[in-house]
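Trainee: Structure for this input, please:
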Amino acid sequence: MSWCTIESDPGVFTELIAEIGVKGVQVEEVYDMEDATFTNLNPLHGMIFLFKWQKEANGSEVVLDQGAPGVFFAKQVIDNACATQAIVSVLMNRPSIELGPELTTFKSFAQDLPPDMRGLAIGNSAQIRNAHNSFARPEPFAFESKQATEEDDVYHFIGYVPVNGKVYELDGLKEGPVLLGECDMDKWHEVARPAIQARMGRYSAKEIRFTLLALTQDRLQANEKRVSQIASKRLAIQARLEGKEGMDTTDLDDTLPEDMEDLLELLEGLDDKEEEAKRDLQQEKAKRAAWKVENVRRKHNYIPFIFNLLKELAGADKLKGLVEAGKKAGAERAERVKASAAKAKA
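Mentor: I've put the predicted structure just below:
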């Protein structure tokens with residue numbers, strides 16, 4: 001079965017990852033590459049870079065033909081699958097991520113395969129393909145797929161991920177992972193950033209359409225945990241101030257001071273932290289709700305509704321009038337544009 005093209009959107013990829021069975025992972029768009037941005041994204045599992053593909057001259061990067069120890073790399077052998085393949089490649093290389101039964105079984109099966117067979121295995125995974133194709137746009141007609149030409153706009157996704165103290169670029173069109181350098185695992189973006197910026201620089205003269213996406217922890221779960229921890233800390237402080245012992249503090253992110261004044265100061269500071277955490281939680285819930293609505297709209301087939309609407313309008317002899325009104329409005333708009341252009345020229 002073929003793979004469809006899908007929209008590059010954080011809400012799409014977050015739901016796609018969940019449909020594959022992966023838990024605790026969210027996708028966020030990155031608008032700048034400042035340190036503060038990456039700090040807010042911690043823990044940063046990996047990054048996906050989308051760009052308009054252009055033929056490259058052979059560079060000086062280190063390509064490991066047979067892969068590197070511990071690196072899961074797959075060649076892209078399936079058309080239109082590069083977005084999902086880039087995401088899956090990042091997920092496979094982060095042991096801290098809960099992959100779920102499907103990807104866990106798939107990784108066990110594919111990790112000993114050569115890169116081209118891994119790419120083929122991804123293409124033949126029914127769950128991965130079905131999750132990907134669930135975001136196909138409904139089309140009124142079926143067109144025969146054709147090979148892209150040099151005149152077509154072809155977009156490509158590549159991944160950036162830290163593995164065993166090193167940062168790799170995972171480009172399914174290359175023969176192997178590209179070693180970018182050694183890193184501090186908590187600041188691995190500092191090694192990936194120059195490579196991404198260099199790639200942007202190579203294309204910026206002709207192309208400015210880039211998208212950088214970050215795979216990070218599920219922010220809804222993280223913010224719910226923050227609110228819960230603050231509530232637990234408040235109860236623990238109040239219990240200690242009242243001289244009560246035996247309060248469970250295992251959910252707290254740090255230990256409580258013994259001094260009463262320090263406890264009171266800490267308790268006063270919790271109000272602002274709780275307000276901030278609840279505000280962040282509500283913002284995340286609103287964002288998820290908006291993503292859900294947009295994804296439903298992406299997947300819904302409006303064509304039968306439009307067809308029947310036009311049919312009913314024609315049956316009520318209203319379609320012709322609407323067409324004529326549309327033509328008139330279009331002509332008036334064109335005249336306004338023409339007059340505005342003439343005025344600007346004068």
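Trainee: Give the next helix or strand downstream of the helix or strand bottoming out on mean pLDDT in the chain.
Mentor: Of all regular secondary-structure elements in the chain, judged by mean pLDDT, DSSP states H and E, the least confident is strand 62-63 with a mean of 68. Scanning the chain past strand 62-63 towards its C-terminal end, the next helix or strand to appear is helix 82-92 (assignment: DSSP states H and E).
Trainee: by contact count, what packs against that following helix?
Mentor: Using 3 or more C-beta pairs under 8 Å, 6 or more residues apart in numbering; DSSP states H and E as the contact definition, the elements that helix 82-92 packs against are helix 10-20, strand 44-52, helix 100-110, helix 115-123, helix 126-133, strand 155-163, strand 166-170, strand 210-217. No exception for glycine: its C-beta is placed from N, CA and C like everyone else's.
Trainee: Next, the angle from that helix to strand 210-217.
Mentor: Angle between the axes of helix 82-92 and strand 210-217 is 30 degrees (criterion: axes from the mean of the first three to the mean of the last three C-alpha atoms, to 10 degrees).
Trainee: now the angle from helix 82-92 to strand 166-170?
Mentor: Computed by the same axes, to 10 degrees, the angle between helix 82-92 and strand 166-170 is 160 degrees.
Trainee: now helix 82-92: mean pLDDT?
Mentor: If you average the pLDDT over helix 82-92, you get 92.
Trainee: Residues contacting it, please?
Mentor: Contacts made with helix 82-92 from outside it, assessed by C-beta atoms under 8 Å, 6 or more residues apart in numbering, are listed as 3, 6, 8, 13, 16-17, 20, 22, 25, 27, 45-48, 50, 72-74, 76, 78, 97, 99, 103, 107, 119, 122, 128, 131-132, 156-161, 170, 172, 215.
Trainee: and if you look at stretch 315-324?
Mentor: Residues outside stretch 315-324 that contact it (C-beta under 8 Å, 6+ apart): L310, L313.
Trainee: And stretch 269-289, by the same measure?
Mentor: Looking at stretch 269-289 with C-beta under 8 Å, 6+ apart, the contacting residues turn out to be R219, L220, N223, E224, R226, V227, I230, A231, K233, R234, I237.
Trainee: rerun at 7 Å
Mentor: Counting by C-beta atoms under 7 Å, 6 or more residues apart in numbering, the neighbours of stretch 269-289 from elsewhere in the structure are R219, L220, N223, E224, R226, V227, I230, K233, R234.
Trainee: now it, how far from the centre of its chain.
Mentor: Centre-to-centre, stretch 269-289 and its host chain are 22 Å apart (C-alpha atoms, centre = their mean, to the nearest Å).
Trainee: Give the buried residues for that stretch.
Mentor: By 16 or more other C-beta atoms under 10 Å, the buried positions in stretch 269-289 come out as E274, A277, D280, L281, E284, K287, R288.
Trainee: follow-up on the earlier one: which single one of the contacts of stretch 269-289 is nearest to Y302?
Mentor: L220 (29.2 Å; C-beta to C-beta).
Trainee: Pretty sure that closest one sits in a strand.
Mentor: No. Assessed with DSSP: H, G, I helix; E, B strand; the rest coil, L220 is helix; it does not lie in a strand.
Trainee: ok, it - contacts?
Mentor: For L220, the residues meeting the contact criterion (C-beta under 7 Å, 6+ apart) are E284, K285, R288.
Trainee: isn't E169 right next to G181, touching?
Mentor: No. Under the criterion of C-beta atoms under 7 Å, E169 is not in contact with G181, lying 10.6 Å apart.
Trainee: my guess is E102 meets N130, correct?
Mentor: No. Assessed by C-beta under 7 Å, E102 is found out of contact with N130, at 10.7 Å.
Trainee: from the chain's centre, how far out does stretch 332-346 sit?
Mentor: Remark: stretch 332-346 is offset 43 Å from the chain centroid, using C-alpha atoms, centre = their mean.
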